[in-house]
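> fold the following for me, if possible:
(2 chains)
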Amino acid sequence: DTEVTQTPKHLVMGMTNKKSLKCEQHMGHRAMYWYKQKAKKPPELMFVYSYEKLSINESVPSRFSPECPNSSLLNLHLHALQPEDSALYLCASSQVTGTSGSSYNEQFFGPGTRLTVL
Amino acid sequence: GIQVEQSPPDLILQEGANSTLRCNFSDSVNNLQWFHQNPWGQLINLFYIPSGTKQNGRLSATTVATERYSLLYISSSQTTDSGVYFCALSNAGKSTFGDGTTLTVKP
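Here you go, the predicted model:
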């Protein structure tokens, strides 16, 4: 199974709402990623979790709060978002290898959540 | 950080034609992947190719890590090949995507 699933597919929220995006994989991967993609732009890395610990935060505003409850699940909690945060949010996972767990292998992406902030 | 440049930015082909997409990068990398993004946003893995040459049907890819470039070859293109092609490089989990090549294949 090389599938990464994401829910919901679409989300519309107001600036005062709190919502969460969910991502799940059952490939036994120990690294999970959140990306943000604006229209006609490439995906931009937001966060990386390795062995359920946050290893990379690309200076993302605190209104985005990631959580990795276990090795298969990754959440992105959203609060007080702005209209410019409207984008496609992509989750990915990969295996981690190497003696220090520092070698990240091929990434597999979910279908994304298309977020609109009103 | 790593700089990734893809060329050409746009490419229009007649069905059946061949094409070559290029990805130049500024530093040595552990991983390099080629993706096809379909109109619904799904990123489809084409190749995981930090170095060497791989082939999968009508598609093949070559990465020359010492010269910091990778090439994606599409032969006998079909209308379903249309979409955006990205190369993405990563070191220690930190990934950078190129701006992509938008391919349009006309029937």
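> mind listing the helices for chain B?
With DSSP state H as the criterion, chain B has no helices.
> near chain A, which residues of it?
Contacts of chain B with chain A, taken as CB under 8 Å from any CB of the partner chain, map to B:30-31, B:33, B:35, B:40-43, B:45, B:48, B:86, B:88, B:90, B:92-100. To be clear about C-beta, it is placed using only N, CA and C from the backbone, and glycine gets the same treatment.
> separate out the buried members of these.
B:30-31, B:33, B:35, B:41, B:43, B:48, B:86, B:88, B:90, B:92-93, B:95-100 (16 or more other CB atoms under 10 Å in any protein chain shown).
> in strands, which of those appear?
Using DSSP state E to define strands, the subset of these located there is B:31, B:33, B:35, B:43, B:48, B:86, B:88, B:90, B:95-97.
> which two of the residues you listed lie the greatest distance from each other?
B:48 and B:96 (15.7 Å; CB to CB).
> ok, now which ones touch the residue most central in space within chain A?
Within chain A, one residue has its C-alpha closest to the average C-alpha position: by CA atoms, centre = their mean, that is residue A:34, at 2.4 Å. Counting by CB atoms under 8 Å, 6 or more residues apart in numbering or on different chains, residue A:34 makes contact with A:23, A:45-47, A:66, A:74, A:76, A:89-91.
> any idea which helix or strand carries residue A:49?
Element membership for residue A:49, per DSSP states H and E: strand A:44-50.
> contact partners of that strand?
With CB under 8 Å, 6+ apart as the test, strand A:44-50 has contacts from A:30-37, A:54-58, A:60, A:64, A:66, A:68, A:74, A:76, A:96, A:101, A:104, B:93-97.
> which of those residues fall within strands?
Residues of the contacts of strand A:44-50 located in strands (DSSP E): A:31-37, A:54-57, A:64, A:66, A:68, A:74, A:76, A:96, A:104, B:94-97.
> weed out the non-buried ones from those residues.
The neighbour-count criterion (16+ other CB under 10 Å) marks A:31-37, A:55-56, A:64, A:66, A:68, A:74, A:76, A:96, A:104, B:95-97 among the ones in strands among the contacts of strand A:44-50 as buried.
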